[in-house]
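1. Sequence plus the predicted model coming up.
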Amino acid sequence: MYHTYPYKAQIPVLIDGKYETRMFTSKSDVEAIMELLVDEVKQNNEKGSSFNIAESVVKQLPFFACPNVLINAQSQKDISRYIYSQQFGISPYKGTYGEQPHKWVEKSFLIKNVIERKKAEAKNYGK
């Protein structure tokens, strides 16, 4: 629905007590709304809620943008590298743990965390 710019969509954030309809002309317009969503989640969490910022944004994204707008080729390669190395029990880069690039170690922990969270959600959803 929101595959091609420009398009109009109602944003899922209250501004002055109402949901505005905005014109989206580029990815930066989508990112601006995502920033509003992040701020909204942070404000709610300060009031005692415990929403996950990334999950909240991802769940609201289809209401105003195509989720594919966020796909990053490098991130997709990182995810593929992680899954491949896990499935076949091989190191993603040459060398031992201590020789792996620091940035890769950070990315791999992040990817693992997201995958585990999604598995837990699927398990809880099936109950």
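-> Received it, and whenever you're ready, just let me know what you need.
2. what domains does the record give for this protein?
-> Segmentation of the chain into domains, based on automatic domain parsing, reads 7-69, 73-125.
3. Let me know the pLDDT of the residue in the chain sticking out farthest from the centre.
-> Distance from the C-alpha centroid of the chain, by Cα atoms, centre = their mean, peaks at residue 95 (30.3 Å). In this model, residue 95 is scored at 86, pLDDT.
4. Kindly format the C-alpha coordinates of the longest strand along the chain as PDB.
-> Scanning the chain for the longest strand, with DSSP state E as the assignment, gives strand 7-15. Below are the C-alpha coordinates for strand 7-15, written out as PDB (Å, rounded to 0.1, in the frame of the first residue of the first chain):
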ATOM      1  CA  TYR A   7       1.600   9.000  -0.600                       C
ATOM      2  CA  LYS A   8      -0.600  10.100   2.300                       C
ATOM      3  CA  ALA A   9      -1.200   8.200   5.500                       C
ATOM      4  CA  GLN A  10      -2.600   8.900   8.900                       C
ATOM      5  CA  ILE A  11       0.100   8.700  11.500                       C
ATOM      6  CA  PRO A  12      -0.400   6.600  14.700                       C
ATOM      7  CA  VAL A  13       0.700   9.300  17.000                       C
ATOM      8  CA  LEU A  14      -1.600  11.800  18.700                       C
ATOM      9  CA  ILE A  15      -0.500  15.400  18.000                       C
END
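5. Pull out the buried residues from the one helix or strand residue 110 maps to.
-> Following DSSP states H and E, the helix or strand that holds residue 110 is helix 102-125. Neighbour-count burial for helix 102-125, counted by 16 or more other Cβ atoms under 10 Å, picks out 107-108, 111. Yep, even glycine has a C-beta here, placed from its N, CA and C like the rest.
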